[in-house]
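1. below is the structure, and that's it, no one-letter string:
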């Protein structure tokens with residue numbers, strides 16, 4: 001009897017019978033654990049682990065402990081991280097089409113953004129991301145962004161003149177502030193609080209939950225509702241991690257991401273109201289701007305410059321603006 005042959009045959013049979021090895025996914029998140037995005041990401045991780053019966057076991061690392069967003073984007077693209085919740089703002093340097101989402105006032109309101117991103121136009125952005133190693137499975141809300149500062153209410157574009165505002169690292173945001181007469185300062189989010197406190201900058205721009213959770217309201221009490229940016233966020237998966245899944249598991253992971261986005265949007269709406277009440281109670285002075293259209297009209301050169309440099313994206317801009 002050929003014992004060697006028998007042993008090899010038995011080993012092969014055992015390997016066929018073994019279940020696929022579990023994939024331990026690492027996920028990046030910039031927000032604290034109690035943030036709407038964080039809660040939704042934990043829900044995504046639990047649903048994926050349960051639906052795949054442990055074949056994929058995601059773990060979310062909050063508070064940007066795995067690096068700043070630009071570094072995390074690169075890690076997801078090269079497979080060093082498996083998934084993340086990314087804001088589309090800093091994505092433009094890698095995926096130029098996503099800069100369209102950073103055009104000031106490109107969306108009429110948050111509901112308009114949802115209608116655009118949940119349909120065919122959202123699929124166009126997903127395709128552009130996939131060509132750069134990122135698979136966008138669903139779109140999170142990040143509210144609308146407005147200006148806040150240490151000095152005064154902003155009632156009109158003239159009030160921005162000469163003020164130093166922190167912006168995310170994207171030329172469009174620099175152009176936006178410049179067209180309002182301000183001085184834009186790209187800066188890491190983690191540096192903003194101290195920079196506001198010490199006067200390195202006069203203000204920043206963000207949504208209510210971030211204004212609250214970062215404690216920026218403590219040092220910059222003037223919050224002026226301009227709603228100049230409405231930037232979607234994604235649950236993005238590394239292409240390598242995505243392609244390693246079976247078609248069945250891909251479907252379950254996709255559904256978990258869609259479910260997480262639905263939960264995130266609900267939690268976000270609740271958090272916005274809670275954050276607004278908190279900062280008002282703490283003494284923040286919230287004001288509507290006198291003439292929102294004046295801010296929108298000031299963005300004409302931003303659009304003209306962007307479309308001159310990216311004529312291939314003009315149809316995309318028009319399609320978003322034409323969406324009801």
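-> Right, received. Where do you want to start? What you see is a predicted model; the values in this text were computed from it and never measured. Residues are numbered from 1 along each chain as shown.

2. scan the protein for its longest helix.
-> Looking across the chain with DSSP state H, the single longest helix is helix 247-281.

3. can you name the next helix or strand after that one?
-> For helix 247-281, the following helix or strand on the C-terminal side (DSSP states H and E) is strand 285-288.

4. sheet partners, orientation included, of that following strand?
-> strand 222-229 (parallel) (DSSP bridges).

5. list of residues touching the partner strand?
-> Residues from elsewhere that reach strand 222-229, judged by CB atoms under 8 Å, 6 or more residues apart in numbering: 89, 102, 104-105, 109, 144-155, 159, 173, 176, 203, 205, 211, 217, 279, 284-289, 292, 295. (Each C-beta comes from the backbone N, C-alpha and C, glycine too.)

6. state the distance from the residue nearest to the spatial centre of the chain to residue 292.
-> The residue lying closest to the centre of the chain (CA atoms, centre = their mean) is residue 87, at 1.7 Å. As judged by CB to CB, to the nearest Å, residue 87 and residue 292 stand 23 Å apart.

7. now residue 83
-> Residue 83 is 37 Å from residue 292, by CB to CB.

8. neighbour count winner among those two?
-> More crowded of residue 83 and residue 292, by other CB atoms under 10 Å: residue 83, with 30 against 15.

9. my guess is that one meets residue 59, correct?
-> No. Between residue 83 and residue 59 there is no contact under CB atoms under 8 Å: 10.1 Å.

10. list residues touching both of the two?
-> Common contacts of residue 83 and residue 59, defined by CB under 8 Å, 6+ apart, comprise 25-27.

11. quick one: buried ones out of the contacts of strand 222-229?
-> By neighbour count, with 16 or more other CB atoms under 10 Å, the contacts of strand 222-229 hold 89, 102, 104-105, 144-150, 153-154, 159, 173, 176, 203, 205, 211, 217, 279, 284, 286, 289, 295 as buried.

12. which residues are in contact with the residue lying closest to residue 272 once chain neighbours are set aside?
-> Nearest non-adjacent residue to residue 272, counting by CB to CB, 6 or more residues apart in numbering: residue 208, 5.0 Å away. When contacts are counted by CB under 8 Å, 6+ apart, residue 208 touches 143, 271-272, 275-276, 279.
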